[in-house]
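Peer 1: Give the three-dimensional model of this entry:
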Amino acid sequence: MKYPTPYTKAIYLLILPLLFSSCKKYLEEVPNNAIPSATAIIDAGTARAAILGTYNSLQNYTTDYITLGTITADNVAFNGTLSEYLQLDQNAIPTDNVITVGVYRKIYSTINSANSVIAGLPGVTDPLLQTAEKNRILGEAYFIRALGYFDLARGWGGVQLQLTPTATINGIKGVKRSTLTQTYDQVLADLIQSEQLLPDDDATTRNRVQKSAVRALRARLALYRENWADAVTYSTQVIAQSKFALVNTYQSFFTAPYLSTESVFELTFSANNQNNYWSLWYPSALGGSYTLKPTASLISKLNDPAIGGTRKSLIGGTGNSVYGALYNTAGTSTDPSYLIRISELYLIRAEAKAHLDALDGALADLNVVRKRAGVPPVTTGNQTDILQAIADENNVEFAFEAHRWFDLVRTKQAGKVLSLTNTNFWLFPIPYSDILSDPDVVQNPGY
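Peer 2: All right, here's what the predicted structure looks like:
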C-alpha cells in the first residue's frame, strides 16, 4: 500500500541522494524494522517527506485492521482457502497468525515513523520551514502515534509504549507492557498535544489530520473508556463543523469521487498506488478471491427496508454469490480507508447521551443516522432499549468497517452474540516471535 503519487515522489526524493552517496552503503545490513535516525530530518524537504512516509506507514496497516474488526464478529464469514482467515473467523487465533502478527508489527512501524518525526523535527531550523508548518507536521505525527496506540490497545490490551525512535532491532527490548489504562492515557496525551499544534480545519482537507480528526478520535477514546461526558463534548465539536454532513444517499460516500462531506478522516489511494482490499470481497467472476463474505444474518438485515434501508447498497450479487461492495474499485484499486465518518460521531454522542440518561437527545442523534438510511425512526424506549438500538445501528452502518468486533468487546457482548464466553480470547495474541525475542513481553492470558 502506498500513499498517493505526489507523496511517494517526495519520499523518493529523500531517499535517492542516499542511494548514490556511497557504494559502501549497499553492503550495510539494516534491520527490517529500523528507521532513519532523527538526524535524517534536517530541513524542510526531509521534514515533509518524513511525515508523508508516516502516512504511508499508516496506510500499510489500516486495510488488514479492517479484517480484524469484521471477520472475527458476526457480519463477515470466511469463504476462502487461507487458514489465517479461518482462524480469525473461528476466534481460534494462534500466536503466529499471519494477519494479527502483520498488523501488530505494521502498527509499531507506523508508531516508529511518527516517533522519528516527533524527535527530529524540533531541531530543524530551515527558514523554509515556518513555525506554523512545523507545528502542523508535529501535530499530524502525534495524532498518528495516538491512533496506532489506540488500535493496539483495543486489539491487544496494554502494550509496550515506545516513545522514541528505534534505530536498531533491539531498540524496544526491556520495555515492559503498560496496562490498558496507561496505554489509553498515552493516547490521550498525544491527542491533547496534537490538538494544540494543529491549525483549525480548512474547508476541504479530509485526507490529512486536522483538529476535527483529533477531536473525533478523542470522542471515540472517551467512548471506549466510558467517559460519557467527554464523548458528548468532543463528538459535538466535530458535528458542529459545517464541513461535515451525511451524504444524501448512503452509497455516495463510497463511490467516486471520494472525500465526501461524510469523511472526517480517510486515507486516499490512486491507480498508481493501489489498495487491493476489494479483491478479498469480490467473487472470482469479478476478479476477486471472495475470501470475506457477508453472513446470511447480515444479508437479511441489509435487505430489510426497516433495518438496512439504503444500506443494502453495501452488498451486491444474488443467491449464494452475495458479496460485500463497500470496497469496489476492481478496475483501479483506489478504495480509500474510511477511518472516521461523521455518522460515527452521531452514534458516539447517542450512546454517551443514553448512558447519561439523556434519552431524548440519544434518540435524536440515532434518528439522524436512521433518516439518512431511509429507515423509520426509533421513537421510544428505556435506556436499555435505546442502547440496544444504537448497537444495532452501528452494526449495519459500519458493517464492513473496523467496528463490530471491537464494539462487541468494549460493551462486553462478545460472549452473548458470538458465544465466545472465554474473555481471554477477546484480545488478540502477542506474536510468538516477540515473546521469544524479548523476555519482558508477557503474553495475553489464554495463549
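Peer 1: Every contact and neighbour count from this point should use C-alpha atoms.
Peer 2: Fine.
Peer 1: ok, Tyr277 - contacts?
Peer 2: Residues near Tyr277 by C-alpha atoms under 8 Å, 6 or more residues apart in numbering: 63, 327, 333, 335.
Peer 1: how close does it sit to Gly69?
Peer 2: Noted for Tyr277: a distance of 14 Å to Gly69, by C-alpha to C-alpha, to the nearest Å.
Peer 1: Can you add neighbour count and secondary structure and give the contacts of Tyr277 back as CSV?
Peer 2: Shown next, in CSV, are these (neighbours: other C-alpha atoms under 10 Å; DSSP: H, G, I helix; E, B strand; the rest coil):
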residue, neighbour count, secondary structure
Thr63, 22, helix
Tyr327, 23, coil
Ser333, 20, coil
Asp335, 25, coil
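Peer 1: all strands for the stretch 151-300 of the chain, in order.
Peer 2: 263-267, 292-294 (DSSP state E, counting those that start in this stretch).
Peer 1: For Gln241, find the nearest of these.
Peer 2: When the strands of the stretch 151-300 of the chain are ranked by proximity to Gln241, the top entry is strand 263-267, at 10.1 Å, counting by C-alpha to C-alpha.
Peer 1: Pairing partners for that closest one, with directions?
Peer 2: Here strand 263-267 is paired, per DSSP bridges, with strand 337-341 (antiparallel).
Peer 1: how far does the partner strand sit from the chain's center?
Peer 2: 7 Å (C-alpha atoms, centre = their mean, to the nearest Å).
Peer 1: and what of stretch 184-191?
Peer 2: 16 Å.
Peer 1: Repeat that for stretch 156-170.
Peer 2: 19 Å.
Peer 1: pLDDT of that stretch, averaged?
Peer 2: The predicted model gives stretch 156-170 an average pLDDT of 87.
Peer 1: Please identify the buried residues of it?
Peer 2: For stretch 156-170, burial by neighbour count (16 or more other C-alpha atoms under 10 Å) applies to 156-167.
Peer 1: Include mean pLDDT and mean neighbour count when you put the strands of the stretch 151-300 of the chain into a markdown table, please.
Peer 2: Converted to a markdown table, these look like this (pLDDT from 0 to 100; neighbours: other C-alpha atoms under 10 Å):
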| stretch | mean pLDDT | mean neighbour count |
| --- | --- | --- |
| strand 263-267 | 97 | 24 |
| strand 292-294 | 98 | 25 |
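Peer 1: Which of the helices or strands spans Ala132?
Peer 2: Using DSSP states H and E, Ala132 maps to helix 131-156.
Peer 1: repeat for Glu344
Peer 2: Going by DSSP H and E, Glu344 is part of helix 342-355.
Peer 1: Who are the packing partners of that helix?
Peer 2: helix 211-224, helix 228-239, helix 359-373, helix 383-397 (3 or more C-alpha pairs under 8 Å, 6 or more residues apart in numbering; DSSP states H and E).
Peer 1: try it again with 10 Å
Peer 2: helix 211-224, helix 228-239, strand 263-267, helix 359-373, helix 383-397 (3 or more C-alpha pairs under 10 Å, 6 or more residues apart in numbering; DSSP states H and E).
Peer 1: on that earlier part again, output the strands of the stretch 151-300 of the chain in a markdown table, with distance to Phe428 appended to each entry.
Peer 2: Output for these, formatted as a markdown table (distance: least, C-alpha to C-alpha, whole Å):
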| stretch | distance to Phe428 |
| --- | --- |
| strand 263-267 | 25 |
| strand 292-294 | 19 |
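Peer 1: nearest to Lys353, of those?
Peer 2: strand 263-267 (21.3 Å).
Peer 1: how far does the closest one sit from the chain's center?
Peer 2: Centre to centre, stretch against its chain (C-alpha atoms, centre = their mean), the figure for strand 263-267 is 10 Å.
Peer 1: repeat for stretch 274-284
Peer 2: 18 Å.
Peer 1: Restricting to C-alpha, output that stretch in CSV.
Peer 2: Only the C-alpha atoms of stretch 274-284 are listed here, as CSV (Å, rounded to 0.1, in the frame of the first residue of the first chain):
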residue,chain,number,x,y,z
GLN,A,274,-3.2,0.8,-5.2
ASN,A,275,-5.4,-0.5,-2.5
ASN,A,276,-6.3,-4.1,-3.5
TYR,A,277,-8.5,-4.8,-0.5
TRP,A,278,-11.6,-5.1,-2.7
SER,A,279,-10.2,-8.4,-4.0
LEU,A,280,-10.9,-10.2,-0.7
TRP,A,281,-14.6,-9.3,-1.0
TYR,A,282,-15.3,-9.8,-4.7
PRO,A,283,-16.2,-13.2,-6.2
SER,A,284,-13.8,-14.8,-8.7
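Peer 1: list the buried ones in that stretch?
Peer 2: If you call a residue buried by 16+ other C-alpha under 10 Å, then stretch 274-284 has these buried ones: 274-283.
Peer 1: Likewise for stretch 206-225?
Peer 2: 206-207, 209-224.
Peer 1: that older thread, closest to Ala47 among the buried residues of stretch 274-284?
Peer 2: Set against Ala47, the nearest of those by C-alpha to C-alpha is Gln274 (24.7 Å).
Peer 1: If I follow the layout properly, the closest one ends up in contact with Asp335?
Peer 2: Yes: the criterion here is C-alpha atoms under 10 Å, and Gln274 meets it with Asp335 at 8.2 Å.
Peer 1: Now for these two: what residues contact both?
Peer 2: 268, 329 (C-alpha atoms under 10 Å, 6 or more residues apart in numbering).
Peer 1: The chain - how does it break down into domains?
Peer 2: 7-199, 278-324 (automatic domain parsing).
Peer 1: Which one, of these, ends up nearest to Gly446?
Peer 2: domain 7-199 (10.5 Å).
Peer 1: so Ile307, which of the three states?
Peer 2: With DSSP: H, G, I helix; E, B strand; the rest coil as the basis, Ile307 sits in coil.
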